[in-house]
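Participant: need coordinates for the below:
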Amino acid sequence: MSLLEPVAVDIETTGFHVDDRITVVGFYAEIGCHLFLNTLGRVADEDELQTEVESIVPSLVHLNVSESEEGLKQAVTEFTNSSIGSSNQMLVGYNAERWGGGFDFPFLRTRYACSGVAWPFKDIPYVDLYPVFKKRFCTSVEDGDRNDLVSVYKLFFGEDALDPDPFEDSSEAVSCATSGEFRELLLHNFADVLKTHKLASLANRLVPKSDFQMKNLSPPSSD
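Facilitator: Reported below is the predicted structural model:
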């Protein structure tokens, strides 16, 4: 059986509560990156933003801009239905959906439940990389374990001079959409999905398939 191609996913939000909103959903594969932006009602030039982001990042970027969360969710659903889920792909995240925790998919479920937009992740295999690196790699340093995305990435890839992330901490991304700092928000999300994809490719080469704890994100009901 050949290895599945990883497609990394990561989201940005206005906060961590049930009434907060999704501001970015990003996907990264070998062929490029797809970023979906919700401007929260603000006007943004899609072509200009894409040009700005592509001038900084080391990959092809496809940008979709919506002025509402509903528009973003619809665009993500249409994208996943048409572009993700082939027999040789797996979706990967970092602390996005795992036993006993994770943020991205629980938040996405809540926000999709608040609308009539169809759940986008049907018949798509998923692997969370957090337990893979926590349990199957040594991540211990002098002052303890380092298991967050940025720290694990630095352990294996070092300081990346080309890293486009404008933030020291992910929490800085929370206020960006409301303040209209869309370029910075997109660059941060791009950096996270790129890191996730590179870690997935590393684990794909070294970790037994049985340790990937793959799950199917499709719910039991198709309604």
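Participant: secondary structure element holding residue 62?
Facilitator: strand 61-66 (DSSP states H and E).
Participant: contacting residues around that strand?
Facilitator: Contacts to strand 61-66, defined as Cβ atoms under 8 Å, 6 or more residues apart in numbering, come from residues 32-39, 44, 46, 49-50, 53-54, 72, 74-75, 79, 186, 190. Using the backbone N, CA and C atoms, a C-beta is placed for each residue, glycine as well.
Participant: narrow those residues to those in helices?
Facilitator: Per DSSP state H, helices hold the following members of the contacts of strand 61-66: 46, 49-50, 53-54, 72, 74-75, 79, 186, 190.
Participant: can you list the residues you listed in CSV and add neighbour count?
Facilitator: Converted to CSV, the ones in helices among the contacts of strand 61-66 look like this (neighbours: other Cβ atoms under 10 Å):
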residue, neighbour count
46, 13
49, 20
50, 18
53, 21
54, 17
72, 25
74, 18
75, 20
79, 17
186, 31
190, 26
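Participant: farthest-apart pair in the residues you listed, please.
Facilitator: Of all pairs drawn from the ones in helices among the contacts of strand 61-66, the widest gap by Cβ to Cβ lies between 54 and 74 and measures 24.2 Å.
Participant: ok, the residue sitting furthest away from the middle of the chain - contacts?
Facilitator: Going by Cα atoms, centre = their mean, the residue of the chain most distant from its centre is residue 142, 29.6 Å out. Contact analysis of residue 142 by Cβ under 8 Å, 6+ apart lists nothing.
Participant: got any ranges where the protein has weak pLDDT?
Facilitator: 1-2, 86, 161, 222-223 (pLDDT under 70).
Participant: just so I have it, where are all the helices in it?
Facilitator: 46-54, 69-83, 104-113, 129-136, 149-157, 176-179, 182-206.
Participant: so which of these gets nearest residue 167?
Facilitator: Taking these one by one with Cβ to Cβ, helix 182-206 is closest: 5.4 Å.
Participant: which helices and strands sit right next to the closest one?
Facilitator: Helix 182-206 is packed against strand 5-13, strand 22-29, strand 32-38, helix 46-54, strand 89-93, helix 129-136, helix 149-157, helix 176-179, with contacts defined by 3 or more Cβ pairs under 8 Å, 6 or more residues apart in numbering; DSSP states H and E.
Participant: okay, buried residues for it please.
Facilitator: Neighbour-count burial for helix 182-206 flags 182-200, 202-204 (criterion: 16 or more other Cβ atoms under 10 Å).
Participant: residue 164: neighbour count?
Facilitator: Neighbour count of residue 164, defined by other Cβ atoms under 10 Å: 17.
Participant: from memory it sits against residue 56, does it?
Facilitator: Yes - in this structure, residue 164 is within contact of residue 56 by Cβ atoms under 8 Å, at 5.0 Å.
Participant: quick one: common contacting residues for these two?
Facilitator: Here residue 164 and residue 56 have residue 187 as joint contacts, going by Cβ under 8 Å, 6+ apart.
Participant: how near is the residue farthest from the centre of the chain to residue 135?
Facilitator: 21 Å (Cβ to Cβ, to the nearest Å).
Participant: I am finished for the moment; much appreciated.
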